[in-house]
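**Student:** Below is the structure, and that's it, no one-letter string:
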């Protein structure tokens, strides 16, 4: 508790974001109920990303009022963020401020762009399997750490993957933990959560789920990075498969890992720890690892322009469910895909 300017002795008020940080008025992101701006520290020289949720914009609950539901949710989210601080592939949480009209979370400021845009903005530089190895290693390393700490992210989607460039090349950081949950090994979770198109089958069908849901979503991202398309539905609303022309330039190791991540049954899916030892990451001298994935870049450009993941945490999964159902029909005659996808 800090004493505000002009207050009398013994008169105290809660600390606010403006006590320690100055708003630069630079908007760097906006979500359904929140926005992210750049703030400067008043006690140092650093800049930070501040995520602000206005309480008047948050959905109300018939059972709980705002204070009972959302303040509890923020507290739960921050406990998870604090447990993950320090990992090189996860955004670092700094502090938070619970104010009367808003809730502010302070994070490290990541210089770069979301992963897909960073690939598109390479200005013609080659995008190949070697790049995908770097991206996927970062994502899986982050998920491995989350799962080791009994945390399920539940929303591994393109906007929650940030690429931070560096002299050594750069790395991916996992962000967006608003839907994350702590779950012990063996604990059963239920409910529809996440983003349409990246939800695992067990979530879409409202069955019990656990850590494998993150691997499934990660597999969807992996498929995106290699082909520029979605594993369930193409931009022409037709089912996609490994028969796409893009797969002609992709190695058997990459294809095998995609299949293992997108298996229908959660207990059959590869884990994050197992994936790190897959030949895709170890057999770097394989044929074709430097082939330009031009088709993928073109697809990611269209994918990003259409903003196909804006239904984050939506309860309406009808389009995804129908697309998956149609996609399953198109694959039922392929014996290699019997247990793959829907």
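**Tutor:** Looks like it arrived, so ask away. Being a predicted model, the structure only gives us computed values, none of them experimental.
**Student:** Check the gap between the residue lying closest to residue 191 once chain neighbours are set aside and residue 56 for me.
**Tutor:** Excluding its sequence neighbours, the residue lying closest to residue 191 (Cβ to Cβ, 6 or more residues apart in numbering) is residue 206, at 7.1 Å. (Glycine included, C-beta is placed from N, CA and C.) Separation of residue 206 from residue 56 (Cβ to Cβ, to the nearest Å): 31 Å.
**Student:** Likewise for residue 306?
**Tutor:** Residue 306 is 30 Å from residue 56, by Cβ to Cβ.
**Student:** Check residue 250 too.
**Tutor:** 48 Å.
**Student:** So for the two, which sits in the more crowded spot?
**Tutor:** residue 250 (23 against 9; other Cβ atoms under 10 Å).
**Student:** Would you agree that one is in contact with residue 223?
**Tutor:** No: under the criterion of Cβ atoms under 8 Å, residue 250 makes no contact with residue 223, lying 10.3 Å away.
**Student:** Thought residue 212 was touching residue 267, still the case?
**Tutor:** Yes: using Cβ under 8 Å, residue 267 is in contact with residue 212, at 7.4 Å.
**Student:** what sits opposite residue 104 in the beta ladder?
**Tutor:** residue 52, residue 97 (DSSP bridges).
**Student:** Let me fix that, I meant to ask about residue 195.
**Tutor:** With DSSP bridges as the rule, residue 195 is bridged to residue 312.
**Student:** Can you show me the helices along this structure?
**Tutor:** 17-20, 66-84, 115-120, 129-148, 201-204, 212-227, 252-261, 272-275, 279-282, 294-306, 318-331 (DSSP state H).
**Student:** for these, which one ends up most surrounded?
**Tutor:** Greatest average neighbour count among those goes to helix 212-227 (a mean of 25), per mean count of other Cβ atoms under 10 Å.
**Student:** what's the angle between that helix and helix 252-261?
**Tutor:** Angle, helix 212-227 to helix 252-261, by axes from the mean of the first three to the mean of the last three Cα atoms, to 10 degrees: 150 degrees.
**Student:** and helix 212-227, what does it pack onto?
**Tutor:** In this structure, helix 212-227 makes packing contacts with helix 129-148, helix 201-204, helix 252-261, helix 272-275, helix 294-306, judged by 3 or more Cβ pairs under 8 Å, 6 or more residues apart in numbering; DSSP states H and E.
**Student:** So which of those helices is nearest residue 184?
**Tutor:** helix 129-148 (11.5 Å; Cβ to Cβ).
**Student:** List the buried residues of stretch 27-39.
**Tutor:** For stretch 27-39, burial by neighbour count (16 or more other Cβ atoms under 10 Å) applies to 33, 34, 36, 37, 38, 39.
**Student:** tell me the mean pLDDT for it?
**Tutor:** Mean pLDDT, stretch 27-39: 86.
**Student:** now the end-to-end length of it.
**Tutor:** One end of stretch 27-39 to the other measures 10 Å (Cα to Cα, to the nearest Å).
**Student:** Check the offset of that stretch from the chain's centre.
**Tutor:** 16 Å (Cα atoms, centre = their mean, to the nearest Å).
**Student:** next one: stretch 277-284
**Tutor:** 23 Å.
**Student:** What lies in contact with it?
**Tutor:** 130, 133, 136-137, 251, 253-254, 256-257, 260, 270, 275, 286 (Cβ atoms under 8 Å, 6 or more residues apart in numbering).
**Student:** Grab the nearest non-local neighbour of residue 22.
**Tutor:** residue 40 (4.8 Å).
**Student:** Tell me where the model's unsure across the stretch 201-342 of the chain.
**Tutor:** 233-241, 243, 284-288, 307-342 (pLDDT under 70).
**Student:** can you do 50?
**Tutor:** For the stretch 201-342 of the chain, applying pLDDT under 50 flags the ranges 234-240, 310-342.
**Student:** Ok, the stretch 1-150 of the chain next?
**Tutor:** 1-11, 61-64, 66-67.
**Student:** tally of neighbours for the nearest residue to residue 38 once chain neighbours are set aside?
**Tutor:** Spatial nearest neighbour of residue 38, chain neighbours left out: residue 26 (4.1 Å); criterion: Cβ to Cβ, 6+ apart. Neighbourhood size, residue 26 [other Cβ under 10 Å]: 12.
**Student:** my guess is residue 26 contacts residue 40, does it?
**Tutor:** No: in this structure residue 26 lies outside contact range of residue 40 using Cβ under 8 Å: 9.9 Å.
**Student:** related to what we said a few turns ago, from the contacts of stretch 277-284, which is closest to residue 147?
**Tutor:** For those, the nearest to residue 147 is residue 275 (11.3 Å; Cβ to Cβ).
**Student:** can you tell me how far that closest one sits from residue 259?
**Tutor:** 12 Å.
**Student:** Could you do residue 167 as well?
**Tutor:** 35 Å.
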